[in-house]
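>>> sequence and predicted structure below; questions after.
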Amino acid sequence: TSIDNNTKWTKEFSDKLLMFDEEDDLLERLWLQIEEYFREQARQFNEQADQYKQRAKKLEQSCG
């Protein structure tokens with residue numbers, strides 16, 4: 001049955017599951033994880049932009 005299948009699946013990931021008593025707790029956790037994800041993406045994009053800027057400066061120096 002589907003309950004048996006879900007029970008087996010959840011046992012494998014029980015250390016990663018969290019129980020929430022209130023919807024607000026779940027919503028807060030979700031927003032915090034979304035914020036964390038976007039901050040990490042922004043950090044990576046800034047790092048990559050700095051690398052591109054350095055490459056552009058090197059090309060500008062060699063051409064000019």
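Alright, I've got the coordinates. Numbers count the residues shown, from 1 in each chain.

>>> pLDDT of the longest helix along the chain, averaged?
Criterion DSSP state H: the longest helix present in the chain is helix 23-63. What helix 23-63 shows for mean pLDDT is 93.

>>> how far off centre is it?
11 Å (Cα atoms, centre = their mean, to the nearest Å).

>>> that helix - contacts with which helices or strands?
Helices and strands touching helix 23-63, as assessed by 3 or more Cβ pairs under 8 Å, 6 or more residues apart in numbering; DSSP states H and E, are absent. For glycine as for every other residue, the C-beta is placed from the backbone atoms N, C-alpha and C.

>>> for Gln44, see how far away the residue nearest the centre of the chain is.
The centroid of the chain falls nearest to Tyr37 when counting by Cα atoms, centre = their mean (3.4 Å). Distance, Tyr37 to Gln44, by Cβ to Cβ, to the nearest Å: 11 Å.

>>> cool, Glu36 as well?
Where Gln44 is concerned, Glu36 sits at a distance of 13 Å (Cβ to Cβ).

>>> same check, this time on Ser62
28 Å.

>>> more neighbours: those two, which one.
Gln44 (10 against 7; other Cβ atoms under 10 Å).

>>> now the more buried one: how far from Glu23?
32 Å.

>>> quick one: mean pLDDT for the helix or strand hosting Asn6?
Per DSSP states H and E, Asn6 falls inside helix 2-12. For helix 2-12, the mean per-residue pLDDT is 71.

>>> what is the burial count for Arg29?
Arg29, neighbours per other Cβ under 10 Å, totals 12.

>>> got it, and Leu26?
Leu26, neighbours per other Cβ under 10 Å, totals 13.

>>> distance check, it against Gln61.
Taking Cβ to Cβ, one finds Leu26 at 53 Å from Gln61.
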